[in-house]
Each structure stands twice: as structure tokens, then as C-alpha cells.
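Student: Fold the following for me, if possible:
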Amino acid sequence: MKVNVEIDCTPLEARQFFGLPDVGPMQTAVMDKLQQQMTSNIDKISPESLMQSWFTFDPKLAERFQDMFVAMAGFGGTSKKK
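Tutor: This next block holds a predicted model:
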């Protein structure tokens with residue numbers, strides 16, 4: 001014997017019927033917090049801020065990068081030999 005039962009209800013009604021908690025408010029709160037964190041950190045990943053953070057710890061790093069690129073291109077460097 002085969003019995004098929006069809007129930008026409010929304011997902012919210014099914015969760016309520018089975019006694020599952022309503023996670024909508026929690027989900028909204030988590031998504032709001034995630035959005036706030038993403039928008040507050042978006043400035044940290046801009047190209048200007050990345051370059052600034054890379055070059056702030058060593059003032060001569062920009063000159064070293066320039067020397068490295070010039071040397072890779074085969075045009076010689078600006079570094080002084082000791």
C-alpha cells in the first residue's frame with residue numbers, strides 16, 4: 001500500500017508546524033553586522049591604501065623597488081656600489 005500526502009504551506013508555516021525557531025531576526029542582525037564590517041574595511045583594500053601600507057615601514061623601499069625593476073629590465077640600476 002502506498003500513501004502520498006501533499007501539504008501546501010509556506011516554509012515559514014512548515015517551520016512553525018514542526019516547532020523550529022524563527023531565525024529571521026538573528027539572520028538579519030548577522031547580515032547587518034557583516035555589511036557594517038565590510039563597508040568599514042573597504043577603504044583598507046583600495047590600491048592607494050595598500051601601496052601606502054606597503055611603503056610605510058621602510059622609507060627606502062620605493063627606491064629598492066625601482067632599482068629592482070630597472071635591473072630586471074636590463075637598464076642598469078641607480079644603486080651605488082660599495
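
Student: Report all helices and strands that the helix or strand residue 40 falls within contacts.
Tutor: Assessed by DSSP states H and E, residue 40 sits inside helix 24-41. Packing contacts for helix 24-41, counted by 3 or more Cβ pairs under 8 Å, 6 or more residues apart in numbering; DSSP states H and E, involve no helix or strand. The way it works is simple: take the backbone N, C-alpha and C, and place the C-beta from them, glycine included.

Student: Output the helix or strand following that helix as PDB, restricted to C-alpha atoms.
Tutor: The element immediately downstream of helix 24-41 (helix or strand, assigned by DSSP H and E) is helix 47-55. Output of helix 47-55 as PDB, limited to C-alpha atoms (Å, rounded to 0.1, in the frame of the first residue of the first chain):
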ATOM      1  CA  PRO A  47      45.000  50.300  -4.200                       C
ATOM      2  CA  GLU A  48      46.200  53.600  -2.600                       C
ATOM      3  CA  SER A  49      46.000  52.400   0.900                       C
ATOM      4  CA  LEU A  50      47.600  49.100   0.100                       C
ATOM      5  CA  MET A  51      50.600  50.900  -1.500                       C
ATOM      6  CA  GLN A  52      50.800  53.200   1.400                       C
ATOM      7  CA  SER A  53      50.800  50.400   3.900                       C
ATOM      8  CA  TRP A  54      53.500  48.500   1.900                       C
ATOM      9  CA  PHE A  55      55.800  51.500   1.700                       C
END
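
Student: same for the helix-or-strand element of the chain with minimal mean pLDDT, what does it pack against?
Tutor: Ranked by mean pLDDT, DSSP states H and E, the weakest helix or strand in the chain is helix 47-55, scoring a mean of 73. Using 3+ Cβ pairs under 8 Å, 6+ apart, the elements in contact with helix 47-55 are helix 61-73.
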